[in-house]
Structures are given as structure tokens and as C-alpha cells.
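Q: Sequence unavailable; structure follows:
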């Protein structure tokens, strides 16, 4: 039986065919009529950015095209204006015309709205969302107000049904963007009872700190009040007492930007998330905090990303050993950045088993603390279910390359891998024995490709000396 192709896919493929045939003497009117004829009432998902790219950038009838499509497809539940077929247009954002806002407001079945190419003021966006009571997921670029009017009742009436609310300020004023982003995010935490995921996906890790509001809510709300937020982003520059975050019991994804410069902060409140599965630590420079977090939450974690402060001396094998010891049950993905080479230990630690691990990414420092040390590549590769591996800026020897190549050939390591990257830093050993280093790299690549060929798996392998 042939697979059934959804109306969404049929329409998207038709738009791409029109785009590919733009040079065949087809004018804008032809494409507009062809689109209208191709619309099915059964369409439920569309990215209008792709339709926009069929026409000139300032096409005067683009709103008519939009209104016509949405009128003919009244069951659209997922509307996006995000990724078109002309990358240079994806970065352009203009204020949305009132007629287009009205057309979206008539889409009674809309549950997901993600718009990158247009912006609205906060009051205009609130007016739009008031007409979309089924909306659950929203992303929009918002024109920030210097003094936004947060009327609590009106704010909750417009956005209270949202479960995911993500936004980016549409201004070139960095300071204004920062203040507006902070005010709007904190208002949402306080006023929107159904929010699970919140914030600015385009902002950097320094753009938002939810901790002050979380601590304030702890003081101002009664014991029965509970947040549904599943994602928290915190800048840790103060104590977090044991019960400080107990009103956020649903947190699954926790991102912490660390500031452990000189003070030993109390982090007891970060050790009580019973549903935590993804943990991100940025600018870490205190192994004691990592150990506390892993002791409390390690058995729950499926994803862990730790980025150390540059030039912070931490032994890579010891870090992995600590993580594997506490996270061996569920850890699926591990990313470590700015890690140091192993010190010159007479006996290297043997990493504990971590059979749950499927993705491993290690990015080493370019300036290692231990200048004469090397990275023993194969020591990190014994987790038997690894499927994706990235080892970046690796300082090692030809002997270790050859050892790794032999283990791969014997199928003692990496037997399940489908994506493998190894980027080596040149050093005296590699330079002096370049022919042998190259041969070992080729051997690793050939044998990894051969290992999965029997399973008819597509495999990506990139092994190179930088």
C-alpha cells in the first residue's frame, strides 16, 4: 500500500515547484491564481514565508494572497511565517499590516502561530491573541515599548491560554531590548498560569534571569500556588535556599549561568527538582557545585551540557568519571565545552560504564593547562551505545591515534556510531610522523564506514588534522 501524502505536504511541494519554475515566463498573477487553485480545505499547516518568496519582496497583493489561502483552508491549526526559500529574506522583519492581523484573527482553529518575518507592538499582539482562544504556542517579534502597560486582567485574558510563549524584541536598541525582554518574561511568570516554556530563543544566555522573579513569587504567593513552567533560566549570583523554588515543581529543563567568582553560594534550592531531565551549566569554574548538582539530580538526567569558564583547569577524564558515576542510568546526551586535557597522571582513571549514552561532544581548550599532556581519545569511546561523537581541538599523539584505529578495526569501540567527528590539533608528534598520523586517521574513517555498511545505515565520518 502506498503511503498517504498529507494535504500539507502536497501544498508545500507545489509551492516549491512554483519557486523552481519562476524563470519560465510565469508572472505574479499566474502564481497567485495557481496557489489559490492548489489550496485544499484539509490543509492544517503552512509556512507562508515560502509563499512570500514566490513574489517580489514588496508585492502589493501579498496580503490578498494570504487572506485568500487562509479563507480557502479554514482548518489551519499551525501557521508559520519563518523559513522561506530565500535565506536573505529570513533576516528581514517588518511591521505586520493591519489587514494581515485581521486575517489571522479570523483563523478560529489556530493552535500554533510562529512569525519571524513580521513584528507587532505588544498591544497589537494582545489584541490578536484575544481573538485566538485555541492558541497554545506563540512565537512573535515584538516592537518593545519603553513603558509597557501590563494590565494584569487584560494580559491574562489575552495570553492566559498559552502554554509556550517565545518572543524576540524587534528593535536595534540593545538596552531597550534587554529591559523589555526582562519585564515581559517576568510578567508572564507572574500572571500566566498555563505557561510551560517561556523566553527569547534568539537571545544569548546572558539575556534573561528568571531567578529574581522566582524568589519574589515564593514570598508573595500562597502555599497552594504552583507554576507549570518546565524551563528555567537562572543567573546564579545569590543564595537559593532550600525551599526557594518549591513552587516550580514541574521544571524539566534548567539552565544556570554561573557566577562563582569568590562567594560560596547556597544552592540547596536547586537540588530539589524531582522531574529534572536536562541541565545546562555555563561558565562553570567550581567543580564542587557540579558535584552537588549531580549527586542530587544525576539519576534523573538525560541531557547534560557543561561549559567551563575559559582557562579553568579541570581534568577532562576526571569530569567524565564524575558524570558517569552519577548519571549512568539515563544520560543520553553529554556535551562538555572548554575542557582541559588530562594531566600527566601516572595512572589514568578508568571511566565507569555509561551504557545509556548515545551522544558525546567534547570541545577541548586551545590553550591547555598541562602543556605536555595528551588526550587519550579511546578512553572516552567505550560507552557501547554511542551513536554520535564529536571530539574537537584534540591534542594527542600518533601512538594514541593508532591505538584508537586498532580498536575501531577490531570493533571494540564505536560499533553503533552513525556520526563521528575528530578534529586534531597539530603538535610535534603529529608533525614529525605526519604520514603515520594520516594513515591512522584514514584507517579510523574507513573502518567506521565499513562497520555500519552491513546494517545499511547512513554514516557521516570526518577525521582531520587542523
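A: That came through, no problem. Keep in mind it's a predicted model, so treat the numbers as computed, not measured.

Q: what ranges do the helices span in the stretch 201-350 of the chain?
A: Counting by DSSP state H, counting those that start in this stretch, the stretch 201-350 of the chain has helices at residues 211-220, 287-297, 316-327.

Q: Export those as CSV, with columns for mean pLDDT and distance to residue 199.
A: Bear in mind the C-beta positions are built from the backbone N, C-alpha and C, glycine included. Formatted as CSV, the helices of the stretch 201-350 of the chain follow (pLDDT from 0 to 100; distance: least, C-beta to C-beta, whole Å):
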stretch, mean pLDDT, distance to residue 199
helix 211-220, 83, 12
helix 287-297, 94, 21
helix 316-327, 93, 26
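
Q: low-scoring stretches of the stretch 351-466 of the chain, by residue?
A: 366-373, 452-456 (pLDDT under 70).

Q: what's the longest helix anywhere in the chain packed up against?
A: Identified as the longest helix of the chain according to DSSP state H is helix 434-453. Applying 3 or more C-beta pairs under 8 Å, 6 or more residues apart in numbering; DSSP states H and E, one finds that helix 434-453 contacts helix 398-409, strand 419-424, strand 460-465.

Q: returning to what we had before: quick one: which of the helices of the stretch 201-350 of the chain is nearest residue 63?
A: With C-beta to C-beta as the criterion, residue 63 lies closest to helix 211-220 of the helices of the stretch 201-350 of the chain, at 38.4 Å.

Q: what about residue 7, distance to residue 334?
A: With distances taken as C-beta to C-beta, to the nearest Å, residue 7 is found 41 Å from residue 334.

Q: Correction: the previous question concerned residue 424.
A: 21 Å.

Q: for residue 318, same thing?
A: From residue 318 over to residue 334 (counting by C-beta to C-beta), the distance is 14 Å.

Q: Would you mind telling me which of the two has the busier surroundings?
A: residue 334 (24 against 17; other C-beta atoms under 10 Å).

Q: What's opposite that one in the beta bridge?
A: For residue 334, the beta-bridge partners are residue 304, residue 360 (DSSP bridges).

Q: One more: the one 5 residues further on?
A: Using DSSP bridges, the beta-bridge partners of residue 339 come out as residue 364.

Q: Give me the neighbour count for it.
A: The local packing of residue 339 (other C-beta under 10 Å) involves 23 other residues.

Q: Could you shift the numbering so residue one becomes 870, and keep it that way?
A: Understood, numbering begins at 870; the last thing we discussed is residue 1208.

Q: residues in contact with it?
A: Neighbouring residues of residue 1208 by C-beta atoms under 8 Å, 6 or more residues apart in numbering: 1177, 1183, 1185, 1188, 1231-1234.

Q: same thing with residue 920?
A: Per C-beta under 8 Å, 6+ apart, neighbours of residue 920: 884, 904, 934-935, 938.

Q: Centroid-nearest residue for the protein?
A: With distances taken as C-alpha atoms, centre = their mean, the chain has residue 1070 as the residue nearest its mean C-alpha position (8.0 Å).

Q: who's in contact with it?
A: With C-beta under 8 Å, 6+ apart, residue 1070 has these contacts: 1008, 1035, 1037.

Q: Could you do residue 1152 as well?
A: For residue 1152, the contacting residues are 1126-1128, 1176-1178, by C-beta under 8 Å, 6+ apart.

Q: 6 Å instead, please
A: Listed by C-beta atoms under 6 Å, 6 or more residues apart in numbering, the contact set of residue 1152 reads 1127, 1178.

Q: could you check the distance from it over to residue 1091?
A: With the distance defined as C-beta to C-beta, residue 1152 ends up 36 Å from residue 1091.

Q: who does residue 1008 bridge with?
A: Here residue 1008 sits in beta bridges with residue 983, residue 1035, as judged by DSSP bridges.

Q: Can you read off the pLDDT for it?
A: Residue 1008 carries a pLDDT value of 96.

Q: Pretty sure it sits against residue 981.
A: No - using C-beta atoms under 6 Å, residue 1008 is not in contact with residue 981; the gap is 8.8 Å.

Q: Do you have the helices of the stretch 920-1069 of the chain handy? List them.
A: 931-941, 956-959, 967-974, 991-999, 1021-1028, 1043-1060.

Q: In CSV, list the ones you listed along with mean neighbour count and mean pLDDT.
A: Formatted as CSV, those follow (neighbours: other C-beta atoms under 10 Å; pLDDT from 0 to 100):
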stretch, mean neighbour count, mean pLDDT
helix 931-941, 18, 94
helix 956-959, 12, 90
helix 967-974, 16, 96
helix 991-999, 18, 94
helix 1021-1028, 16, 89
helix 1043-1060, 17, 85
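
Q: nearest to residue 1079, of these?
A: Residue 1079 lies closest to helix 1043-1060 among those, at 6.4 Å (C-beta to C-beta).

Q: by contact count, what packs against that closest one?
A: Under the contact definition 3 or more C-beta pairs under 6 Å, 6 or more residues apart in numbering; DSSP states H and E, helix 1043-1060 sits against helix 1021-1028, strand 1033-1038.

Q: so how far is the shortest one off the chain centroid?
A: Put simply, strand 1033-1038 sits 14 Å off its chain's centre (C-alpha atoms, centre = their mean, to the nearest Å).

Q: check contacts around residue 1316.
A: With C-beta under 6 Å, 6+ apart, residue 1316 has these contacts: 1277-1278.

Q: For residue 1327, see how far away it is.
A: 17 Å.

Q: Check what pLDDT residue 981 gets.
A: Looking at residue 981, its pLDDT is 98.

Q: Residue 1006 versus that one, what's the distance?
A: From residue 981 across to residue 1006, the span is 4 Å (C-beta to C-beta).

Q: same question, residue 1222
A: To residue 1006, residue 1222 is 39 Å away according to C-beta to C-beta.

Q: Kindly report the same for residue 1265.
A: For residue 1265, the distance to residue 1006 - C-beta to C-beta - is 45 Å.

Q: So if I had to pick from those two, which one is more boxed in?
A: Higher neighbour count among residue 1265 and residue 1006: residue 1265, with 25 against 17, using other C-beta under 10 Å.

Q: So the more buried one is in contact with residue 1244, correct?
A: Yes - counting by C-beta under 6 Å, residue 1244 is a contact partner of residue 1265 at 4.9 Å.

Q: hmm, back to that, out of the helices of the stretch 1070-1219 of the chain, indicate the one that is most buried.
A: helix 1185-1196 (a mean of 20; mean count of other C-beta atoms under 10 Å).

Q: who touches it?
A: Helix 1185-1196 is contacted from outside by 1163, 1167, 1170, 1208-1209, 1211, 1218, 1220-1221, 1223, using C-beta under 6 Å, 6+ apart.

Q: Distance across stretch 1062-1069, terminal residue to terminal residue?
A: End-to-end distance for stretch 1062-1069: 19 Å, by C-alpha to C-alpha, to the nearest Å.

Q: That stretch - what's its average pLDDT?
A: 89.

Q: which residues sit against that stretch?
A: Under C-beta under 6 Å, 6+ apart, the answer for stretch 1062-1069 is 1032-1034, 1037, 1050, 1054, 1057, 1076-1077, 1097, 1099-1100.
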